[in-house]
Structure formats: C-alpha cells, structure tokens
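A.B. asks: Predicted model and sequence below, questions to follow.
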Amino acid sequence: MTRRRDEIAWADPALLILGSLAGGAKHGYAIVQDVAESAGASLGPGTLYGALARLEERGMVRALPGDERRRPYEITAEGARVLRERLVAMRSFSARGLARLQAARA
Amino acid sequence: MSAWALRLYPPSFRARYGAEVQALLQDLGGGHTADLLRGAARAWLRPAFSGSDAVRRRRQATAATVWVAWCAGMLVAPAMSRDLLDPPVRHAPRGLLDVTQVLFVAGWAAALLGALPLVVAAVLPAIARRDGRSLRPLLPAIGLAAVVAAGLGAVLLVRRGHPGSWPHPSVLFAAVVLAWLVSFLAFVVALGLGPAAALVRLEPRTSALRWPMLGSVAVTLVLAALAALCGAAMARAGYLDPVGGIAVAVACGAAAVAVVSTTRGVLAR
C-alpha cells in the first residue's frame, strides 16, 4: 500500500515505480528509497512487488540480470511512453488547478 | 511474521519474486505484515506472469488450481447422494442425482486422463533421477490412501457383527467410522494439495501441459455442472442439511475459481 501523510492520495504505485525507474535502473530497496525522497510516499514490499509484477507482465519494466535477491529493473520504451502520457496529463491538470485557485483568490 | 505472510503468496509469485521480497524485508526491517497480506490476496485474485516462460507458468498454475478445485468440489456428488437418498427424503430428484453420479465419474476420468501425460513426461523421469524434492509433496496422499483403505477394512470388520442395525449399538464402531472420516478428509486435502505442489516443483515443459490444459477445461465444465445440478437437486428436494449446504457452497466456490483460472490459462499467449 502506498502510504502518504496527505489526506488525499495522488499517486498510483505503478506510476511512482515508473517515475523512479525513469532516472535509471534500480532494485527494490533503491526504488522504495527514491519514491520516499521524491514523492514522500512509502511503498510496502507487497505493494512494490505486486505493482512490479504487473508492470513486468505488461512489458513496461524489465528485470536485468544480476543478484537474484537484489535484481535491478529498468523502464522499457512502452513504460516510458505510458509514464510520459500520464505526466503530461498530470501537468495539464496541475496547471489548470493552480490557475483556478489563483483566479479564485484574485 | 512477515516471512510467514510471504508464504501465503501463490507459488508462482514466490518462485519469481520471493527472494527479492525477502531481501527487501531485511533492508526495511519488520512491520509490513498487513501490506504483505494485502499483496498476497491481490496476487491470488489477479496473478501476473512475465518473462520468457510466462505461458508455461500460467498453464501450470491453471492445471494446479483446477486440480485443487476439483478435489475440493467433487465431494458434493457423494455428499448430495448421502443427504437425499440415504435414507431417501420426500421429493428426492433421483434423475438429477443420477446425472451428478455420471458427472462425478466423468470428472475423475477427465482429471486422470489430463494428468497422465504429465506423469509420463515429468513424474516418471523425476522418479528415475530420484528427485526427492519434487516428489515429496505426493507422499502424504499415498500414505493417507493406505490409512483410508485400512480404516475402511476396520469399519467393515466391526460392522460384521451387526450388519442390519442403525444406529449401530457398538461405541467402537462409531469411533472407527469417525476416525475413518477424519482420515478420508485428510486424504482428500493431501490429494488436492500434494500433486499441485509437486507440479510447481517439477516445472514441466509447455508441450507437456497441452493435455492437462484440455483436461482442465473438461474438469472445469464438469465441476460447474456438478455444482449447479447439486444445488438444483437440493432446492427441488426442499431439504437443507448443513453438510449438504456446505458441500454445495464449496463446490460453487471451487467451480468459480476453476472457471477463472481455466479462462486465464486458455487465453495465455
């Protein structure tokens, strides 16, 4: 489960993982740390590997050869495409929301 | 506690991600049991298979799941016959119950015919190379089969003195019947879980899973029909016995699991 102190959740675990892997290949613990630093969200092991399994099945991430216990994952071209689409939509949503808040305040 | 929760994940998930989750748990420390339990529930409800042998693992999971579902659900046929015909209740739908007996035999035939190529392609070679790790899950069912057979002999032996009377006057007879029933249920559980666990450990080739997949489709159809007909028989007889009700509920649940798993196995590409 993605735990964040905010009252309203905004991030899907799959999106957080893709966002983390966009910065380079990482293993499970490195993803958890990166997501905590960049999004302030805490990914549990069950949530992380459930989402990783789903992303791997859909061809959005791939496992790289390495230590079986700390296998690194990298984002694929399909994963990067989906992440870009989501981030663009979020940017548009964010810009619109901020503009509305500013207009309401003026 | 977290390590225990990890054991609740499907075997396919543990085989692929188990070592990584364990390493992450060591890095993060304790306190993730609830998250792992939620993850295990999701992994059972919507398993994910990836990598070069995704189709093989998906079909292997289907064959194992349908076998377990059949062993859990097939008991509804004898349970319903026992409930409605021994002694016969009023309005017992004998025609429906006869069909359930035919389905019971057909289901076992489909299950065993589907499993036979696996025995030839995977179990016999494992016996030849003395692969104890893969074959060990089969041992409880074999041992309990001997106990059930011996128990049945004991029941018949004790019954011989009073063949016609019911309830039987002997306390010994009741104790032997109870012990036999417990051993029989343990045998059915071992029969369901043992071969499924052995199948996961044997890791048969995709080609060896073709017939088990066809068998799974047939068994799923039979199980669904069996659950529906037994439910209908109970409704038509207007007789609700707790044991029969539980058996029908288990059969319906098992049929639903088998339908979902078989559909996913058939669609796997």
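C.D. replies: Received the coordinates, thanks.
A.B. asks: And the residue of the stretch 1-150 of chain B found nearest chain A, how far from A:R105?
C.D. replies: In the stretch 1-150 of chain B, no residue comes nearer to chain A than B:G39, which is 2.5 Å away by CB to the nearest CB. Using the backbone N, CA and C atoms, a C-beta is placed for each residue, glycine as well. According to CB to CB, to the nearest Å, B:G39 stands 42 Å off from A:R105.
A.B. asks: Those two: which is more packed in?
C.D. replies: Legend: neighbour count by other CB atoms under 10 Å in any protein chain shown for B:G39 and A:R105, higher for B:G39 (28 against 6).
A.B. asks: how about low-confidence regions in the chain?
C.D. replies: All of this refers to chain A. Scanning chain A for pLDDT under 70 picks out A:1-9.
A.B. asks: oops, I was thinking of chain B
C.D. replies: In chain B, residues with pLDDT under 70: B:161-169.
A.B. asks: try 80
C.D. replies: Applying pLDDT under 80 to chain B flags residues B:1-3, B:30, B:51-52, B:86-92, B:158-170, B:239-241, B:269.
A.B. asks: Which residue is the nearest non-sequential neighbour of the residue nearest the centre of it?
C.D. replies: Geometric centre of chain B, nearest residue: B:V68, 2.5 Å, by CA atoms, centre = their mean. Distance criterion CB to CB, 6 or more residues apart in numbering or on different chains; nearest residue to B:V68, sequence neighbours excluded, is B:G192 at 4.6 Å.
A.B. asks: The residue of the stretch 1-150 of chain B closest to chain A against B:P10, yeah?
C.D. replies: No: B:G39 lies out of contact with B:P10 (CB atoms under 8 Å); the separation is 10.8 Å.
A.B. asks: wait, what's in contact with B:A258?
C.D. replies: With contact set as CB atoms under 8 Å, 6 or more residues apart in numbering or on different chains, B:A258 has these partners: B:65-66, B:69-70, B:73, B:216, B:219-220, B:223-224.
A.B. asks: Turn those residues into TSV, including neighbour count and distance to B:A110.
C.D. replies: Below are the contacts of B:A258 laid out as TSV (neighbours: other CB atoms under 10 Å in any protein chain shown; distance: CB to CB, whole Å):
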residue	neighbour count	distance to B:A110
B:T65	24	15
B:V66	30	10
B:A69	28	13
B:W70	27	9
B:G73	29	13
B:S216	28	9
B:V219	31	5
B:T220	28	9
B:L223	30	10
B:A224	20	13
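A.B. asks: So which residues of the stretch 1-150 of chain B form helices?
C.D. replies: Taking DSSP state H, counting those that start in this stretch as the test, the helices found in the stretch 1-150 of chain B are B:2-6, B:11-28, B:33-45, B:54-73, B:76-85, B:94-118, B:124-128, B:132-135, B:139-159.
A.B. asks: now, of these, which is deepest in the fold?
C.D. replies: When the helices of the stretch 1-150 of chain B are scored by mean count of other CB atoms under 10 Å in any protein chain shown, the highest mean neighbour count falls to helix B:54-73 (a mean of 24).
A.B. asks: what angle sits between the helix or strand that B:V200 is a member of and helix B:139-159?
C.D. replies: Using DSSP states H and E, the element containing B:V200 is helix B:171-202. Computed by axes from the mean of the first three to the mean of the last three CA atoms, to 10 degrees, the angle separating helix B:171-202 from helix B:139-159 equals 160 degrees.
A.B. asks: Same question for the following helix or strand past helix B:171-202: list its buried residues.
C.D. replies: Next in sequence after helix B:171-202, counting helices and strands by DSSP H and E, comes helix B:210-237. For helix B:210-237, a neighbour-count test (16 or more other CB atoms under 10 Å in any protein chain shown) marks B:211-213, B:215-227, B:229-231, B:233-234, B:237 as buried.
A.B. asks: Could you do stretch B:185-199 as well?
C.D. replies: So, applying 16+ other CB under 10 Å, buried residues of stretch B:185-199: B:186-199.
A.B. asks: what's the single longest helix in chain A?
C.D. replies: When chain A is parsed with DSSP state H, its longest helix is helix A:77-105.
A.B. asks: ok, A:L21 - contacts?
C.D. replies: A:31, A:61, A:73-75, A:79.
A.B. asks: at 6 Å what do you get?
C.D. replies: Residues near A:L21 by CB atoms under 6 Å, 6 or more residues apart in numbering or on different chains: A:I75.
A.B. asks: and chain A, which residues reach chain B?
C.D. replies: A:1, A:28-29, A:44-47, A:49-50, A:53-54, A:56-57, A:68-71 (CB under 6 Å from any CB of the partner chain).
A.B. asks: Just the buried subset of those residues, written out for PyMOL, thanks.
C.D. replies: To isolate in PyMOL the members of the residues of chain A next to chain B that are buried, counting by 16+ other CB under 10 Å, one can use:
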select buried, chain A and resi 1+28+29+44+45+46+47+49+50+53+54+56+57+69+70+71
